[in-house]
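Enquirer: Give me a model of this one.
(2 chains)
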Amino acid sequence: NAGVIQTPRHKVTGKGQEATLWCEPISGHSAVFWYRQTIVQGLEFLTYFRNQAPIDDSGMPKERFSAQMPNQSHSTLKIQSTQPQDSAVYLCASSFPSEVFFGKGTRLTVV
Amino acid sequence: QQQVRQSPQSLTVWEGETAILNCSYEDSTFDYFPWYHQFPGESPALLIAIRPVSNKKEDGRFTIFFNKREKKFSLHIADSQPGDSATYFCAADSGGSNAKLTFGKGTKLSVKS
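Expert: Reported below is the predicted structural model:
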């Protein structure tokens, strides 16, 4: 069990560019979550899927952020027109049933 | 809306002392309360969790005390060790099939030897 795998581990984008973050959940886990972590805001919930279906995206900035889970083995978080305030560690997690396991995160830096 | 409040923001204790980390919540539907720890450069990992059917959960040196009436819960780390130095997050969710964790802002614990 390799755990939740996130790629890339680090990404630097220029302001206004698009960033796509990838997540491979633990096999057999039915729920996949995306969180964002910053020093100021801490751990913020973004969105989550259960059995590939979007359940709750209440934490997603609606205009530029989108998430998909096209199959049970991966999910993507896409940020369009990145802004400096999007700089953060983006954490993907999966769970079955209640315990949540986090990936190592993608550190996004927008310059 | 901050639904889970955590204090203190940082805490320093000496080796062997008991560290006490506190959290409170607002949403009465919350029924699962885990604590995560995070070491520098690592992702959060589950440490211990409680459901409100009980008011205490122990796992080795780690104990959660839960007060449903006051909507508070705390993590006690007995005989603190330098290796316990990390950031600790409390969290809560309402369980069920649509569970999602709401985290506190974390307590940075330093254990001095």
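Enquirer: Next to chain A, which bits of chain B? Give me the list.
Expert: When proximity is defined by C-beta under 8 Å from any C-beta of the partner chain, chain B lies next to chain A at B:32, B:34, B:42-46, B:49, B:89, B:95, B:97-106. No exception for glycine: its C-beta is placed from N, CA and C like everyone else's.
Enquirer: Report the buried residues of stretch A:95-111.
Expert: By neighbour count with 16 or more other C-beta atoms under 10 Å in any protein chain shown, stretch A:95-111 contains the buried residues A:95, A:98, A:100-106, A:108, A:110.
Enquirer: could you give me the average pLDDT of it?
Expert: Here stretch A:95-111 scores 90 as its mean pLDDT.
Enquirer: Can you tell me the centre-most residue of chain A?
Expert: Computing the C-alpha centroid of chain A and ranking residues by C-alpha atoms, centre = their mean puts A:Trp34 first, at 3.7 Å.
Enquirer: which SS class is it?
Expert: Under DSSP: H, G, I helix; E, B strand; the rest coil, the three-state class of A:Trp34 is strand.
Enquirer: Could you list the low-pLDDT ranges of the chain?
Expert: In the absence of a named chain, chain A is used. Screening chain A residue by residue with the criterion pLDDT under 70, one finds the ranges A:1.
Enquirer: Please refer instead to chain B.
Expert: Applying pLDDT under 70 to chain B picks out residues B:1-2, B:95-99.
Enquirer: was I right about B:Gln3 contacting B:Thr29?
Expert: No: with contact taken as C-beta atoms under 8 Å, B:Gln3 and B:Thr29 are classed as non-touching, separated by 10.4 Å.
Enquirer: And these two? Which one has more around it.
Expert: Between B:Gln3 and B:Thr29, counted using other C-beta atoms under 10 Å in any protein chain shown, B:Gln3 has the larger neighbour count: 13 against 10.
Enquirer: dump the residue contacts of that one.
Expert: For B:Gln3, the residues meeting the contact criterion (C-beta atoms under 8 Å, 6 or more residues apart in numbering or on different chains) are B:25-27, B:30, B:92, B:102.
Enquirer: hang on, the earlier thing: mind listing what the nearest residue to the residue nearest to the centre of chain A once chain neighbours are set aside touches?
Expert: Nearest residue to A:Trp34, sequence neighbours excluded (C-beta to C-beta, 6 or more residues apart in numbering or on different chains): A:Leu46, at 4.3 Å. Contact criterion C-beta under 8 Å, 6+ apart gives A:33-36, A:57, A:59-60, A:65, A:67, A:77, A:90 as the residues in contact with A:Leu46.
Enquirer: for B:Ile20, same thing?
Expert: By C-beta under 8 Å, 6+ apart, B:Ile20 lies in contact with B:74-77.
Enquirer: Quick check: the residue nearest to the centre of chain A vs B:Glu15, distance?
Expert: Shown here: A:Trp34 relative to B:Glu15, a distance of 38 Å by C-beta to C-beta, to the nearest Å.
Enquirer: What strand or helix carries B:His37?
Expert: Secondary-structure assignment from DSSP states H and E places B:His37 in strand B:33-38.
Enquirer: coming back round to it: only the buried subset of the residues of chain B next to chain A, as a ChimeraX command please.
Expert: To isolate the buried ones among the residues of chain B next to chain A in ChimeraX, judged by 16+ other C-beta under 10 Å, type:
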select /B:32,34,43,44,46,49,89,99,100,101,102,103,104,105,106
